[in-house]
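K.L.:
Return atomic coordinates for the entry below.
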Amino acid sequence: MSVKFCRIDDRLIHGQVVTTWVNVHKIEQVIILNEQVSKDKIQSNVLKMSSPPNIKLHIFPPEKFLKIIEKNPITRNTMLLFASPFDVETLVDAGYKFDKLNVGGMRGNAERSQVTKAVSLTPEERTSFERLIASGIDVEIQMVPSENIVKMKEVL
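P.N.:
Numbers count the residues shown, from 1 in each chain. Take a look at the predicted model:
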């Protein structure tokens with residue numbers, strides 16, 4: 001399997017993702033896993049236009065991704081990109097394995113409480129991260145590679 005990097009960032013494709021993480025991990029394709037985004041043609045088109053021409057971009061609901069990779073294993077250096085921990089849990093609950101999860105931006109809103117400069121969580125998101133950590137995934141908060149890593153378990 002060639003998944004090199006798994007990240008949650010509610011902005012999905014944006015400058016930091018494209019210019020830093022893609023280069024650091026020599027990413028050839030980004031797969032966005034989110035039900036709502038996969039159904040929103042306008043948002044999907046904007047994301048595809050935001051992606052550099054040398055990066056292949058796919059957008060799937062998590063359940064469809066799981067069915068696709070059964071028959072078509074990932075062969076390119078790939079980043080899995082999520083909008084929330086709930087999409088990550090869908091994969092993990094289905095038996096998909098990875099060791100590390102990077103959390104970039106999860107912007108604040110009326111329902112979220114701030115845990116770091118760039119990450120705010122609802123109580124449900126907090127619980128979701130606790131379950132992911134309990135499953136053995138190392139969850140790290142880091143916006144860009146040059147920033148220090150903060151372990152999610154330390155801020156929950």
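
K.L.:
Angles on the backbone of residue 7, please.
P.N.:
Phi and psi for residue 7, reported as degrees, to the nearest 10, are phi -140, psi 140.

K.L.:
what secondary structure does the closest residue to it other than its chain neighbours sit in?
P.N.:
Once flanking residues are discounted, residue 7 sits nearest to residue 102: 4.4 Å by C-beta to C-beta, 6 or more residues apart in numbering. Yep, even glycine has a C-beta here, placed from its N, CA and C like the rest. Following DSSP: H, G, I helix; E, B strand; the rest coil, we place residue 102 in the strand state.

K.L.:
hang on, residue 49 is in a strand, isn't it?
P.N.:
No - membership of residue 49 in a strand is not supported by three-state DSSP, which gives helix.

K.L.:
How about residue 86, nearest residue that isn't a chain neighbour?
P.N.:
Distances taken as C-beta to C-beta, 6+ apart place residue 128 nearest to residue 86, at 5.7 Å, with adjacent residues excluded.

K.L.:
and the one you found, what is it in contact with?
P.N.:
Contacts for residue 128 (C-beta atoms under 8 Å, 6 or more residues apart in numbering) come out as 84, 85, 86, 88, 89.

K.L.:
The spatially closest residue to the last one that is not a sequence neighbour and residue 49, how far apart?
P.N.:
I take that to be residue 89. Sequence neighbours aside, residue 128 is the residue nearest to residue 89 in space, at 5.7 Å (criterion: C-beta to C-beta, 6+ apart). Distance, residue 128 to residue 49, by C-beta to C-beta, to the nearest Å: 30 Å.

K.L.:
what ranges do the helices span in the chain?
P.N.:
15-16, 22-24, 35-39, 41-50, 62-71, 85-93, 123-134, 152-155 (DSSP state H).
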